[in-house]
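Chemist: Sequence plus the predicted model coming up.
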Amino acid sequence: MKFHHMHLLLGTLLALTAGITVASTLDWGANVPLPMLLAFIIWPMVPMVVATAGGWFMRSSGPARVSCFLGLLATFGLLAFCYVYAFHLKPDPQGGLILIFGPIYALAALAPFGLAALILFARRRPPSLPAQSSAA
């Protein structure tokens, strides 16, 4: 399996893990409209989707893919730590705000990895064309 396929698979699994985790913690019986509940499920998945999509679009550059992959791991690790801390280690009435601000922090943590990936992608060598023989 190629690295960009593993990156896509892992990114999809991590995004779904974040979405399922948030979906399992929401109070579905509350008087909250369904689109708002779905937004709370999709919003934490955004940083992982951005890192996965970046790695997929920059798959022609190995170092850029690695930077996107490391950014994916960093964002998932940051969100996992924030959610565990806010909901299990120090539960607090304002802990639910991490559902709103956690992905913003994760996108900010992803920014240096994305910038590095863009720089590495711009510096990649274009593939060399095969030599053509002129049969004249």
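Modeler: Received the coordinates, thanks. Predicted model only: the values in this text are computed from it and were never measured. Numbering: from 1, shown residues only.
Chemist: And the helix or strand hosting residue 19, what's buried?
Modeler: Assigned by DSSP states H and E, residue 19 belongs to helix 3-25. Within helix 3-25, the residues that count as buried by 16 or more other CB atoms under 10 Å are 4, 7-8, 10-11, 14-15, 17-19, 22. Backbone N, C-alpha and C define where each C-beta goes, glycine included.
Chemist: center of this structure - which residue?
Modeler: residue 48 (1.5 Å; CA atoms, centre = their mean).
Chemist: residue contacts, it?
Modeler: Applying CB atoms under 8 Å, 6 or more residues apart in numbering, we find residue 48 in contact with 11, 14-15, 18, 72, 75-76.
Chemist: Provide the secondary structure category for it.
Modeler: Put simply, residue 48 is helix when judged by DSSP: H, G, I helix; E, B strand; the rest coil.
Chemist: Give me the spatial nearest neighbour of it, chain neighbours excluded.
Modeler: Nearest non-adjacent residue to residue 48, counting by CB to CB, 6 or more residues apart in numbering: residue 15, 4.1 Å away.
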